[in-house]
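*Asks:* No letters, just coordinates:
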DNA sequence: AAAATAAGTGAGTGATAACTCATTTTAATG
DNA sequence: CATTAAAATGAGTTATCACTCACTTATTTT
């Protein structure tokens, strides 16, 4: 547990950056809040100015365009997302064999779930952007997906050799795990009711572990 | 398999509606395509007119506003989504005990997956709307969620009594299944690479069945 | 404290996009 | 074919919004 605590990297950058003025800070915060609440296109720069308690001209002082403002908000998270994805796979952790599925899933997903939870607003803005901007989406995916597939792949193969994990194609394993993560994220982003977040997080690990546990019903049907 | 085939209800309504003119048909089709491609806000009415090959005034002939146009597109799917969700739970099917999990999952999700697959564009437009329109989202959820929880709940309870299903709280069971469905949907909506759709559909049933199969690792950890 | 630099302001501007309407074109009817 | 009704048109109107800029206020430097 001596791993660095996951935080909201947007907040972190805001508080660490000494050069930024309080008003600029307020503008970034208001933008993030409004983009997550109403969507990027539905948020006007005058909305942002009003929420931040500044004049509209101030919004344009540091960031030349509205899009640049959004990108500035997403910069900290995109800068930190790659290390987060890569962590646990590097050097030591990769060589060490996981004694159980539970250990594997916990090690792999605890950080990522915490990261997602700490950056719900930012992720919502990213998803909105990715949903309708094919180019950006493919750019983001091409940076992350191959790395993830490769690194997770070698761990999964090792678990397969030890007969600790279900014998499915790696892409199916990854997909089913990511679906769970994605469903959890959707719950957070959409503020779906009936969710005791802390409880759900433990559930997530349990469900993932169960998916991966080898059993009798593991044939792929219908093909 | 004598169950009615799932179709794109938007297409269905378009082709069935005899009163609609070809140009109006083209407008609806162009709107759906563009909303799904670029997003609602990023699509202008002149975009729609151009894609449909009509004058911009024609777009406003039948639908007074752009939002009304979107709602007209979503009307058929929302009108049909409730019956789809409710099907398989009504009368006979509910009384009949499922002999196996596989049978249960197949019966429950085959139609829904097919429905989702046939209405990807419409669902994408719905999700965009729901993501940032809290009121609409809650309205939609309040219509669907309780019905689903109640009907699925009784089936799940019966399976539990027969010891055919994992002994988790019903909401967790539902949530993990819906996450899988949601992840599959996201794959379709975002056109993620490496997806052989037909194969994936069979995978989905398999993964869901595996999640539900009772086993030794079914404790909820972490409280 | 004067000068210089940076931050902030808000009225103003141009462009865009939703929506209207007087007119024209097409289709239906007798 | 003439008349009437419905459908379609596209130039025009209005409102909004991203963005600018001449100016004011605050902060730093000398």
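*Replies:* Structure's in. What do you need? Every value quoted in this text rests on a predicted model; they were computed, and no experiment measured them. Numbers count the residues shown, from 1 in each chain, chains lettered A, B, ... in the order given.
*Asks:* Output the longest helix belonging to chain A.
*Replies:* helix A:134-161 (DSSP state H).
*Asks:* helices and strands around that helix, which ones?
*Replies:* Helices and strands touching helix A:134-161, by 3 or more Cβ pairs under 8 Å, 6 or more residues apart in numbering or on different chains; DSSP states H and E, are helix A:66-86, helix A:91-95, helix A:101-118, helix A:120-132, helix A:170-189. For glycine as for every other residue, the C-beta is placed from the backbone atoms N, C-alpha and C.
*Asks:* doesn't residue A:164 make contact with residue A:156?
*Replies:* No - using Cβ atoms under 8 Å as the test, residue A:156 is too far from residue A:164 to be in contact (9.9 Å).
*Asks:* Just want to know which of these two has more residues nearby.
*Replies:* Between residue A:156 and residue A:164, counted using other Cβ atoms under 10 Å in any protein chain shown, the more crowded position is residue A:156 (22 against 19).
*Asks:* For the closest residue to residue A:121 other than its chain neighbours, which residues are in contact?
*Replies:* Taking Cβ to Cβ, 6 or more residues apart in numbering or on different chains, and ignoring the residues beside it in sequence, residue A:121 has residue A:36 as its nearest neighbour in space, at 4.0 Å. Contacts for residue A:36 (Cβ atoms under 8 Å, 6 or more residues apart in numbering or on different chains) come out as A:120-122, A:124-125.
*Asks:* and the residues you listed as JSON lines, adding pLDDT?
*Replies:* Converted to JSON lines, the contacts of residue A:36 look like this (pLDDT from 0 to 100):
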{"residue": "A:120", "pLDDT": "94"}
{"residue": "A:121", "pLDDT": "96"}
{"residue": "A:122", "pLDDT": "96"}
{"residue": "A:124", "pLDDT": "96"}
{"residue": "A:125", "pLDDT": "97"}
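*Asks:* Out of these, which is nearest to residue A:176?
*Replies:* residue A:120 (22.5 Å; Cβ to Cβ).
*Asks:* Tell me, what's the model's pLDDT at residue A:100?
*Replies:* You'll see residue A:100 listed with a pLDDT of 84.
*Asks:* try the one 3 residues further on
*Replies:* The predicted local distance difference test score for residue A:103 is 87.
*Asks:* and chain A, what are its domains?
*Replies:* The record's domain parsing of chain A by automatic domain parsing lists A:7-73, A:87-215.
*Asks:* Let me see the mean pLDDT of the longest helix of chain A.
*Replies:* Helix A:134-161 comes out at a mean pLDDT of 88.
*Asks:* repeat for stretch A:179-186
*Replies:* pLDDT averaged over stretch A:179-186 gives 92.
*Asks:* Any buried residues in it, and which?
*Replies:* A:179-186 (16 or more other Cβ atoms under 10 Å in any protein chain shown).
*Asks:* Distance from the chain centre to it, please.
*Replies:* Between the centre of stretch A:179-186 and the centre of its chain there are 10 Å (Cα atoms, centre = their mean, to the nearest Å).
*Asks:* what about it and chain B, touching?
*Replies:* Yes - residues of stretch A:179-186 contacting chain B under Cβ under 8 Å from any Cβ of the partner chain: A:179-180, A:182-184, A:186.
*Asks:* Is it possible to get CSV of those that adds distance to DNA strand C?
*Replies:* What follows is the residues of stretch A:179-186 next to chain B, written out as CSV (distance: Cβ to the nearest atom of the strand, whole Å):
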residue, distance to DNA strand C
A:179, 34
A:180, 37
A:182, 31
A:183, 33
A:184, 34
A:186, 28
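*Asks:* Would you convert these into CSV that also reports distance to residue B:22?
*Replies:* Shown next, in CSV, are the residues of stretch A:179-186 next to chain B (distance: Cβ to Cβ, whole Å):
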residue, distance to residue B:22
A:179, 41
A:180, 46
A:182, 40
A:183, 41
A:184, 46
A:186, 39
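*Asks:* quick check, distance from the longest helix of chain A to the centre of its chain.
*Replies:* On Cα atoms, centre = their mean, the centre of helix A:134-161 falls 14 Å from the chain's centre.
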